[in-house]
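# Please find the sequence and the predicted model below.
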Amino acid sequence: MRPRPWPRFVDYLIAVAATAVALLLRAAFDPWVGADYPLGFLLGAVGVAMWFGGIRAAVLSVVIGYLAAFWFFIEPRGSFVFPPQEIGRLLMYLFSCAVLIGFWQAVRLSNRRLEAANAIAEWSMERQRVVEQSLRRSEAQLQLVTDSMSAPVTRCSRDFRYLWVSAPYARWLKRKPEDIIGQPIESIIGHQAFHTLMPYFERVLAGEEVRYEEQVDFHGLGPRWIHAVYSPTFDDQGVADGWVAVVLDIDDRRRVEEALKDANRRKDEFLATLAHELRNPLAPIRNATQILRLEKAAPHEIAWARDVIDRQMHHMTRLIDDLLDVSRITRNRIELRRERVSLSRIIQGAVETSRPMIDASGHKLTFALPSEPIELDADLTRLAQVFSNLLNNAAKFTERGGLIHLTARREGSDVVVSVKDSGVGIPADMLSSVFELFTQVDRSLERSRTGLGIGLTMVKRLVEMHGGSVTALSEGTGHGSEFIVRLPIVVPAIPSHAAVASEERPASVPAGRRVLVVDDNADSATSLAMMLGATGYEVRTAYDGTTGFAATEEFRPDVALLDIGMPGMNGYDLARRIREQSWGKDMVLIAVTGWGQAEDRERTIAAGFDEHLVKPVDPTVLLTRLQSRFERGGVLR
């Protein structure tokens, strides 16, 4: 031991203080131990006195400690009457103190010898300690820097082991740093990943800095895209003894990039397809208009031209309606008009819609429907649209003269409807994406069976809005396809009374009914006025809002058909001005516009319109609407 830094009497003070602390601890535990172990707590005080003060201080601690314990803790307490039964405990205490003093004395002597030896060797180790401390500080600083980096960093040896790793690297591999350091690379990242990266390891050990992006199947992570930079490290002879690797996980970025590329590709395909689909009906319409202009055109040629224009206009209207529908559905802006409706009525409506396409393609359509009546809480029009789309798809993607099977069966509280065809089928890699917007199964240049890529998206969203599900099945190209729709049934089912839809036919027009048409598109206004005039209405036209208001005030029509998007005074403003006049409060105002979203209809109602019709308006629908109002008698509103 080194010379004590205090006078001799302090040794005895330490012995007394240590003994006092031991006695206080014994007194604190007295309620639990009672008369047991009166001397055990003093052994610690003896050890402290021996270590700091030597043998004399230890003996002092033994004596005063025993006397105090005899007075306070040995029965009878408060006296120095020595009971014979305590002789064994006294001897054990004295023996333990002797052993403890002897042990600590030996330790003190050993320490003195050791300190002498250390003093001799210390000067030779000081420099080594300085070097090691400097190295540790450098490594700690490096570890701190790498741990604070977001990029995972590691250093590897030439024998393909981890020398150290940063905390982000360990977290990325879902391990602790201590579980990685010193381990073989292959045991951590897996056999497959190790052999995938071996060519890069060999290049960096040849002294080359390596950069790469690769998809690697890591053990515990699965396939991940990484961007890595390997920088070689060198020994004193200039030979590469390992490398430092900075590894960035770019899997999410690559997936987003691929998704954006795919979305961009599908957008381009959709725009090209839309242009193709719109040009197809425009060509026959243009040819038909040329025939109508011929002075020597035969009556049957004129009738043919009218039919062509009508058919192609219906086709273009269907395309635009589908686009508007999918826009509303994807933005959750569509509202279902639910009612209790029979499955047979829904299927009947779908088949009536799709029958012309099926028959034109020479397909055979078969049914297998349940004998029991099945009713759904559904929007009749929307579910008919679902099955019509599936039937149209089957007809479109089946070679001429194919087979289409529509079957329905009850499964518990659900009805399962299947539309199966013998057509071209769906490739396995497309099955998971056929319901995505703008997805095209036919990517050939001819696109003989193409569509806008929105029909199946509408099917999926509408079915899900009804609480159901739809799945696509196919054994691959050339093996046909099947679409299965599952919908909840209204329980209990009640007998279905399918209503027979009657074709809307306008009755005769009462004499003297006046209609004003206001539209800045002169062709649209004039053609609509000619159609209404030919059916018996007294019609006038105006081609802007200001003229329209003047015509309304002068003509005082029963009904005013107003375009919305007119320059100057638009349709909303014109409707408001009309409603402000005493003579315009009871006038029927109908918006005839190309804007057909839900918010557009809300704006027309707020502006004072009675109805909202979307261009191109079906003449039969318009005439029926007008006639129904006139049949109410009196005021049209």
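Nice, I can see it. Numbers count the residues shown, from 1 in each chain.

# Which segments of the protein make up each domain?
Following automatic domain parsing, one finds the domains of the chain at 8-118, 149-249, 263-330, 339-488, 514-631.

# Dump these to JSON lines, plus distance to residue 255, mean neighbour count and mean pLDDT.
Any C-beta I mention is one placed from the backbone N, CA and C, and that applies to glycine too. Shown next, in JSON lines, are these (distance: least, Cβ to Cβ, whole Å; neighbours: other Cβ atoms under 10 Å; pLDDT from 0 to 100):
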{"stretch": "domain 8-118", "distance to residue 255": "62", "mean neighbour count": "16", "mean pLDDT": "72"}
{"stretch": "domain 149-249", "distance to residue 255": "8", "mean neighbour count": "16", "mean pLDDT": "91"}
{"stretch": "domain 263-330", "distance to residue 255": "12", "mean neighbour count": "14", "mean pLDDT": "71"}
{"stretch": "domain 339-488", "distance to residue 255": "15", "mean neighbour count": "18", "mean pLDDT": "84"}
{"stretch": "domain 514-631", "distance to residue 255": "33", "mean neighbour count": "18", "mean pLDDT": "88"}
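
# For those, please prepare JSON lines with the additional fields distance to residue 256.
Putting those into JSON lines (distance: least, Cβ to Cβ, whole Å) gives the following:
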{"stretch": "domain 8-118", "distance to residue 256": "63"}
{"stretch": "domain 149-249", "distance to residue 256": "11"}
{"stretch": "domain 263-330", "distance to residue 256": "10"}
{"stretch": "domain 339-488", "distance to residue 256": "16"}
{"stretch": "domain 514-631", "distance to residue 256": "30"}
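
# So residue 622 sits against residue 615, correct?
No: counting by Cβ atoms under 8 Å, residue 622 stays clear of residue 615, with 10.9 Å between them.

# Relative to residue 615, how far out is the closest residue to residue 614 other than its chain neighbours?
Leaving aside its sequence neighbours, residue 614 sits nearest to residue 596 (Cβ to Cβ, 6 or more residues apart in numbering; 3.8 Å). Residue 596 is 8 Å from residue 615, where distance means Cβ to Cβ, to the nearest Å.

# need the contact list for the spatially closest residue to residue 477 that is not a sequence neighbour.
Closest residue to residue 477 apart from its sequence neighbours, by Cβ to Cβ, 6+ apart: residue 425 at 4.9 Å. Residues near residue 425 by Cβ atoms under 8 Å, 6 or more residues apart in numbering: 474-481.

# make it 10 Å
The contact partners of residue 425, by Cβ atoms under 10 Å, 6 or more residues apart in numbering, come to 397-398, 431, 441, 473-482.

# same question, residue 521
527-528, 543, 563, 565-566, 594, 615.

# Can you tell me the centre-most residue of the chain?
The C-alpha lying nearest the average C-alpha coordinate of the chain belongs to residue 256 (Cα atoms, centre = their mean; 12.2 Å).

# what do residue 596 and residue 615 both touch?
residue 320.

# I'd say residue 58 and residue 64 touch.
No: counting by Cβ atoms under 10 Å, residue 64 is not a contact partner of residue 58; they are 11.3 Å apart.

# what touches both of the two?
Listed as contacting both residue 58 and residue 64 by Cβ under 10 Å, 6+ apart are 15, 45.

# Tell me which stretches of the stretch 301-450 of the chain form strands.
For the stretch 301-450 of the chain, the strands defined by DSSP state E, counting those that start in this stretch cover 339-342, 364-368, 375-378, 403-411, 414-421.

# so can I have TSV of the ones you listed showing distance to residue 580?
Output for those, formatted as TSV (distance: least, Cβ to Cβ, whole Å):
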stretch	distance to residue 580
strand 339-342	39
strand 364-368	57
strand 375-378	43
strand 403-411	55
strand 414-421	53
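
# who wins for proximity to residue 308 among the ones you listed?
strand 364-368 (26.5 Å; Cβ to Cβ).

# do you know how far residue 296 is from residue 302?
Distance from residue 296 to residue 302, by Cβ to Cβ: 11 Å.

# so which of the strands of the stretch 301-450 of the chain comes closest to residue 165?
strand 414-421 (53.8 Å).

# what's the angle between the closest one and strand 403-411?
170 degrees (axes from the mean of the first three to the mean of the last three Cα atoms, to 10 degrees).

# who does strand 414-421 pair up with?
Strand 414-421 has its sheet partners listed here by DSSP bridges as strand 403-411 (antiparallel), strand 481-488 (antiparallel).

# got a markdown table for those strands, with distance to residue 386 too?
Formatted as a markdown table, these follow (distance: least, Cβ to Cβ, whole Å):
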| stretch | distance to residue 386 |
| --- | --- |
| strand 403-411 | 12 |
| strand 481-488 | 7 |
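
# Which among the ones you listed is found nearest to residue 44?
strand 481-488 (79.0 Å).

# next structured bit after the closest one?
strand 514-518 (DSSP states H and E).

# now for the helix or strand just after that following strand, which elements pack on it?
For strand 514-518, the following helix or strand on the C-terminal side (DSSP H and E) is helix 522-534. Where contact means 3 or more Cβ pairs under 10 Å, 6 or more residues apart in numbering; DSSP states H and E, helix 522-534 is packed against strand 514-518, strand 538-542, strand 559-562, strand 588-593, helix 619-631.

# rerun at 6 Å
Where contact means 3 or more Cβ pairs under 6 Å, 6 or more residues apart in numbering; DSSP states H and E, helix 522-534 is packed against strand 514-518, strand 538-542.

# Adding distance to residue 353, write those strands out as TSV.
TSV is the format used below for the helices and strands packed on helix 522-534 (distance: least, Cβ to Cβ, whole Å):
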stretch	distance to residue 353
strand 514-518	31
strand 538-542	33
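
# Residue 607 is nearest to which of the ones you listed?
strand 514-518 (13.8 Å).
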